[in-house]
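> Sequence and predicted model, in that order:
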Amino acid sequence: MTSTADRQNSHFDFIVCGAGTSGSVVAGRLAENPEVRVLLIEAGGDDEHPHVLEPANWPLNLGGKRDWNFSGAANPHLNGREIPLNMGRGLGGGSSVNVMVWARGHKNDWEDFAAESDDPAWNYASVLKIYQRVEDYWGSPDPARRGSGGPVHVAPAREAQPIAAAMISAAAEMGLPTYDNPNGVMMEGRGGAAINDLIVKNGQRHSLYRAYVKPRRGQANLTILTDTLVSRLLFEGQRVVGVETLRDGQVQRYFAEREVVLSLGAINTPKVLMQSGLGPEEELRRHAIPVVQHLPGVGANHQDHVSFAVIFEYETPQPIGYGGSEATLYWSSDSALRLPDMFHCQVEFPVPSAQTAALGVPTHGWTMFAGLAHPQSRGQITLSGPNPLDAPIIAPNTLSHPADLRCALENIRFVQELGAQASFKDLVKGESLPGTSDARALEHYARNAAVTYWHQCGTAKMGCDEMSVVDGQLRVYGVEGLRIADASIMPHVTSGNTMAPCVVIGERAVEAIRAAYSI
């Protein structure tokens, strides 16, 4: 017999799995209503650490306990490399370990989402209202597009370093438009260059956990469990009624009287779905997992921004600003494109891959990442086994589509030209890597230099076709009581960093939940 105390400790209205960007939004917003009991479960630990809070320390989280330490499968298109696929683990998820860039996506990203979902609540006009609601923006006034007084502190990089300003001037020399910020009119057209907007407040990282959840810690209706792994979903028939977890080797069950929301990210969300019986029937049967609902799109459509470091040597050592990434450039190489195909980030120190580091890296230098804004390559997540601790198999298939290699070489050459502009005179001695324009050598370099921008998404996509996993309300097809709110629902990767779009995804989930339950 279950006691009243046990029931209070194990039964909630909503269970949110994952305290990353979207999960923090969902849990924090739902907990605004004191009558709604919310459980937030996070596999990682707390965020009270200088590696999280100090902006310049973000690289120290990579490969450590605040990183899931995922790795892609050996890829013949990258000369057999297995590239690291870092992902935040802990309160705040990626927003606690990333480069803190607030990039809202292009207007047509959101028009695409609306078309894919057949739901106008995802279109640009609707999403713009969400951004205005959530932002507390401290940049140049733009009341038609920017918000104030919201939970998310957003501001341009303060006192940006000379190399960031030089990059923007160099873009102008090449005929590109420049803007006060990258989140207004710049992302309604062909693109341009601007100083980054960052989530840095009073000199410290202001993660989405700190924006949405931390102010509510201590409320009676919000329970937060850290160091607790969500292992599988619990069902009654076709309805999700709770989750099973692992903590210190102990199994515990928690029950949701209304809904479970999965916000585990583009790797762990499809993993938990499949290990719970939701996914491609063939994949589930291969691991003797009973099929609850055949969903062929679970684990498919894996996407990520891929980039290639072009590294330049400084004339004299230069300081590093907040996080070291203070300027960005989006551009459409063809004016007829609906979305930018170039996504270039400036970093104020050298960032080679493990393979290109052997070519010689300057002690003092900076990096311009030549990035593909919308790669055509698609990967897949599959299972290595049916158990919670069996690692997922990630096959990103980076550069598998021939158009991506062509675009990569065009992007690298563009950045080489950018770095040769007069704006860098007296700051930059010259290009160190790749240091060649020969087509064959550049192709070999690209395959060895390709790295992730850490923007994995798309593995439980929103839409109306047979490969879609959720509808426009983020409800999982074929079951009740389950929504997904994280980057896995993106039909395609957005233009730019994915943190801000994940806030929109969380806000959209809350809008749908509140409407469904009148809360």
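Thanks, I have it.

> can I assume residue 271 is in contact with residue 381?
Yes - between residue 271 and residue 381 there is a contact under Cβ atoms under 8 Å: 6.7 Å. In short, each C-beta sits where N, CA and C put it, glycine included.

> intersection of neighbour lists for the two?
Residues touching both residue 271 and residue 381 (Cβ atoms under 8 Å, 6 or more residues apart in numbering) are residue 392.

> Residue 183 versus the closest residue to residue 190 other than its chain neighbours, what's the distance?
Nearest in space to residue 190, with sequence neighbours left out and distances taken as Cβ to Cβ, 6 or more residues apart in numbering, is residue 332 at 4.6 Å. Between residue 332 and residue 183 the distance is 17 Å, computed by Cβ to Cβ, to the nearest Å.

> The two: which has the busier surroundings?
Ranked by neighbour count (other Cβ atoms under 10 Å), residue 332 and residue 183 place residue 183 first, with 26 against 18.

> so what's that one up against?
Here residue 183 is in contact with 102, 103, 104, 131, 145, 146, 197, 500 (Cβ under 8 Å, 6+ apart).

> Most neighbours among the residues you listed, please name it.
Busiest of the contacts of residue 183 [other Cβ under 10 Å] is residue 104, holding 31 neighbours.

> can you tell me which residues contact residue 386?
Per Cβ under 8 Å, 6+ apart, neighbours of residue 386: 275, 287, 288, 289.

> run the last query once more with 10 Å
When contacts are counted by Cβ atoms under 10 Å, 6 or more residues apart in numbering, residue 386 is found next to 232, 274, 275, 277, 284, 286, 287, 288, 289, 290.

> Can you lay out those residues as JSON lines showing neighbour count, distance to residue 443 and pLDDT?
Shown next, in JSON lines, are the contacts of residue 386 (neighbours: other Cβ atoms under 10 Å; distance: Cβ to Cβ, whole Å; pLDDT from 0 to 100):
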{"residue": "232", "neighbour count": "20", "distance to residue 443": "44", "pLDDT": "98"}
{"residue": "274", "neighbour count": "24", "distance to residue 443": "36", "pLDDT": "98"}
{"residue": "275", "neighbour count": "22", "distance to residue 443": "39", "pLDDT": "98"}
{"residue": "277", "neighbour count": "20", "distance to residue 443": "43", "pLDDT": "98"}
{"residue": "284", "neighbour count": "25", "distance to residue 443": "39", "pLDDT": "98"}
{"residue": "286", "neighbour count": "13", "distance to residue 443": "36", "pLDDT": "98"}
{"residue": "287", "neighbour count": "15", "distance to residue 443": "38", "pLDDT": "98"}
{"residue": "288", "neighbour count": "8", "distance to residue 443": "43", "pLDDT": "98"}
{"residue": "289", "neighbour count": "20", "distance to residue 443": "41", "pLDDT": "98"}
{"residue": "290", "neighbour count": "10", "distance to residue 443": "47", "pLDDT": "98"}
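
> Check which helix or strand residue 319 maps to.
For residue 319, there is no enclosing helix or strand under DSSP states H and E.

> And it, its phi and psi?
Taking degrees, to the nearest 10, you get phi -70, psi 160 for the backbone angles of residue 319.

> Ok, residue 330 next?
The phi/psi pair for residue 330 (degrees, to the nearest 10) is phi -120, psi 140.

> can you pull the buried residues of stretch 378-398?
Residues 378-383, 386, 388, 392, 394-398 are the ones in stretch 378-398 that count as buried (16 or more other Cβ atoms under 10 Å).

> can you check stretch 149-168 too?
150-157, 160-161, 163-164, 166-168.

> Restricting to C-alpha, output the strand ranked longest in the chain in PDB.
Scanning the chain for the longest strand, with DSSP state E as the assignment, gives strand 250-262. Provided in PDB are the C-alpha atoms of strand 250-262 (Å, rounded to 0.1, in the frame of the first residue of the first chain):
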ATOM      1  CA  GLN A 250      19.100   2.500  -7.500                       C
ATOM      2  CA  VAL A 251      16.000   2.400  -9.500                       C
ATOM      3  CA  GLN A 252      13.200   4.800  -8.700                       C
ATOM      4  CA  ARG A 253       9.800   5.500 -10.400                       C
ATOM      5  CA  TYR A 254       8.000   8.800 -10.700                       C
ATOM      6  CA  PHE A 255       4.500   9.300 -12.000                       C
ATOM      7  CA  ALA A 256       3.000  12.200 -14.000                       C
ATOM      8  CA  GLU A 257      -0.800  12.700 -13.600                       C
ATOM      9  CA  ARG A 258      -0.800  14.900 -16.700                       C
ATOM     10  CA  GLU A 259       2.300  14.700 -18.900                       C
ATOM     11  CA  VAL A 260       5.900  13.800 -19.200                       C
ATOM     12  CA  VAL A 261       8.100  16.200 -21.200                       C
ATOM     13  CA  LEU A 262      11.300  14.900 -22.700                       C
END
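
> List the neighbouring strands of that strand plus their orientation.
Applying DSSP bridges to the sheet, strand 250-262 is found paired with strand 11-17 (parallel), strand 239-247 (antiparallel), strand 482-484 (parallel).

> With only the CA atoms kept, save the next helix or strand after the last one in PDB.
Spelled out, it's strand 482-484. With elements assigned by DSSP H and E, the helix or strand that comes after strand 482-484 is helix 499-517. The C-alpha coordinates for helix 499-517 follow below in PDB (Å, rounded to 0.1, in the frame of the first residue of the first chain):
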ATOM      1  CA  MET A 499      20.300  27.900 -27.800                       C
ATOM      2  CA  ALA A 500      17.800  30.700 -28.500                       C
ATOM      3  CA  PRO A 501      15.600  28.600 -30.700                       C
ATOM      4  CA  CYS A 502      15.500  26.000 -28.000                       C
ATOM      5  CA  VAL A 503      14.100  28.700 -25.700                       C
ATOM      6  CA  VAL A 504      11.300  29.200 -28.300                       C
ATOM      7  CA  ILE A 505      10.700  25.400 -28.300                       C
ATOM      8  CA  GLY A 506      10.300  25.400 -24.600                       C
ATOM      9  CA  GLU A 507       8.000  28.400 -24.600                       C
ATOM     10  CA  ARG A 508       5.900  26.800 -27.400                       C
ATOM     11  CA  ALA A 509       5.600  23.600 -25.300                       C
ATOM     12  CA  VAL A 510       4.300  25.600 -22.300                       C
ATOM     13  CA  GLU A 511       1.800  27.500 -24.500                       C
ATOM     14  CA  ALA A 512       0.400  24.100 -25.700                       C
ATOM     15  CA  ILE A 513       0.300  22.600 -22.200                       C
ATOM     16  CA  ARG A 514      -1.400  25.600 -20.700                       C
ATOM     17  CA  ALA A 515      -4.000  25.600 -23.400                       C
ATOM     18  CA  ALA A 516      -4.600  21.800 -23.000                       C
ATOM     19  CA  TYR A 517      -5.100  22.000 -19.300                       C
END
